[in-house]
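J.: Sequence and predicted structure are below.
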Amino acid sequence: MKITEARVIVTCPGRNLVTLKIVTDEGLYGLGDATLNGRELAVVAYLEEHVLPALIGRDAHRIEDIWQYLYRGAYWRRGPVTMTAIAAVDVALWDLKAKAAGMPLYQLLGGKSRERVMVYGHATGKDIESCLDEVARHVEQGYRAVRVQCGVPGIPTTYGVAKREGERYEPADSDLPAEHVWDTAKYLNHVPKLFAAVRERFGDDLHLLHDVHHRLTPIEAGRLGKRVEEYNLFWLEDCTPAENQEAFRLIRQHTTTPLAVGEVFNSIHDCRELIQEQLIDYIRATLVHAGGITHMRRIADLAALYQVRTGFHGATDLSPVCMGAALHFDTWVPNFGIQEHMPHEARIEEVFPHAYRFADGHFTPGEVPGHGVDIDEDLAARYPYQRASLPVNRLVDGTLWHW
Ligand SMILES: O=C(O)[C@@H](O)[C@@H](O)[C@H](O)[C@H](O)CO
Ligand SMILES: [Mg+2]
């Protein structure tokens, strides 16, 4: 099955999404997600200039060889742009192979390990009360797990909270980076009250998650983890920047609150020590940014040796193509933990018709050959790219902090 064409489709139905389409001489095509929020055109250039010309004429079935060609052949290895480009090719080739085999992607990976995939939704609010209302809405929809984030009194903007009530949350909301303000002390004083209120109203069975979004020092993360142990969180996410994997040794000494990290990781080398030293409980790296299925399988298999489970990133800045492929991976992977689910807006759902379905707090990936996601190129063409940048974050004294 020879690759005859490979092209990148950039569309912006409410937000920028980048899709790679690989076409073969057997008339089949595969799709991969190449979206890197705030750096989309860097990946487009990497693919169009340095990758796609080298794919033409290659055997689309040789997924591993092409992966190694793009990884080892890059010389300047790893990094989010390179690994997102490799991921897009990889997922498109797995989609193609499953289509050629006439089977849903999860079958090709090894078959079902579960009938359906548990997901968590996002409950956010400008204050605790409005967040509780959002939790109630998610519980009514059948979610078993909800991530809770709310505004912090005294801080004008907080991660994860929409600017205006009822609006969708989209972090890349301005041409150039917006400047946010952060106050760790106010946050640390406030967020335990949020969990107390949620447990008070919804009881102990609802899985609660929270994303600190890289903003604490290790000892502050240890303090928060210990403080919220009584609320039995499912996980505390990105509690401190994870470039220094050793930092999690200090956090682990102070708390048994489960830790999740890794949505910004792009290779096994970003998380090897975290996994081998059991410093985390869930690995968040996902297909679109961590080299695709071929590499993510290696990360998941390493994690399984240390009873670390997957918890794929699944924000709306990852396209339905990534979600579709991820749900097939989630259906197969033995050490599955949970899948993030931020519903895409209607325009995106129209551009990317898909076979996956949500019901009662879970997803099923669909039974059509491949990952089950397509793209309507005519509709996609109606939404031209529009630069959008993620914010930057400053402490009250102006220090540039972690967003
Ligand atoms: O856990 C999450 O979903 C967040 O950390 C993301 O929404 C993240 O802020 C965005 O993907 C950044 O583009
Ligand atoms: Mg996160």
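T.: Good, I have the coordinates. Ligands and ions are numbered 1, 2, ... in the order given.
J.: Is Ile216 in a helix, a strand, or coil?
T.: Let me fix one detail, which is that residue 216 is Leu and not Ile. Using DSSP: H, G, I helix; E, B strand; the rest coil, the structure places Leu216 in coil.
J.: Pull the number of nearby residues for it.
T.: When neighbours are counted by other CB atoms under 10 Å, Leu216 registers 23. Just so you know, the C-beta spots here come from the backbone N, C-alpha and C atoms, and that holds for glycine as well.
J.: Could you list the residues of the chain in contact with ligand 1?
T.: Listed as neighbours of ligand 1 in the chain under the rule CB under 6 Å from any ligand atom: Asn37, Pro171, Asp211, His213, Glu263, His313, Ala315, Asp317, Glu340, Leu390.
J.: How far does stretch 45-58 stretch from one end to the other?
T.: End-to-end distance of stretch 45-58 (CA to CA, to the nearest Å): 21 Å.
J.: What residues of that stretch count as buried?
T.: By neighbour count on 16 or more other CB atoms under 10 Å, the buried set for stretch 45-58 is Tyr46, Leu47, Glu48, Val51, Leu52, Leu55, Arg58.
J.: Contacts for it, please.
T.: Stretch 45-58 has contacts (CB atoms under 8 Å, 6 or more residues apart in numbering) with 2-8, 20, 22, 34, 66, 69-70, 74, 81-82, 85-86, 88-89.
J.: Give me the subset of those lying in strands.
T.: The strands in this structure, assigned by DSSP state E, contain Ile3, Thr4, Glu5, Ala6, Arg7, Val8, Leu20, Ile22 from the contacts of stretch 45-58.
J.: now, which of the residues you listed lie close to ligand 2?
T.: Near ligand 2, judged by CB under 5 Å from the ion, there are no entries from the ones in strands among the contacts of stretch 45-58.
J.: returning to what we had before: and the buried residues of stretch 45-58, which is closest to ligand 2?
T.: Within these, proximity to ligand 2 (CB to the ion) peaks at Tyr46, which comes in at 24.1 Å.
J.: Surely Arg7 and Val18 touch.
T.: No - under the criterion of CB atoms under 8 Å, Arg7 makes no contact with Val18, lying 11.3 Å away.
J.: Please identify which of those two sits among more neighbours.
T.: Higher neighbour count among Arg7 and Val18: Val18, with 27 against 14, using other CB under 10 Å.
J.: part of a strand, is that one?
T.: Yes - the assignment for Val18 by three-state DSSP puts it in a strand.
J.: Please report the distance of Val333 from ligand 1.
T.: Counting by CB to the nearest ligand atom, to the nearest Å, the separation of Val333 from ligand 1 is 19 Å.
J.: Which pLDDT value goes with that residue?
T.: Val333 carries a pLDDT value of 98.
J.: How many neighbouring residues does it have?
T.: 25.
J.: Could you grab the helix/strand/coil label for Gly14?
T.: coil.
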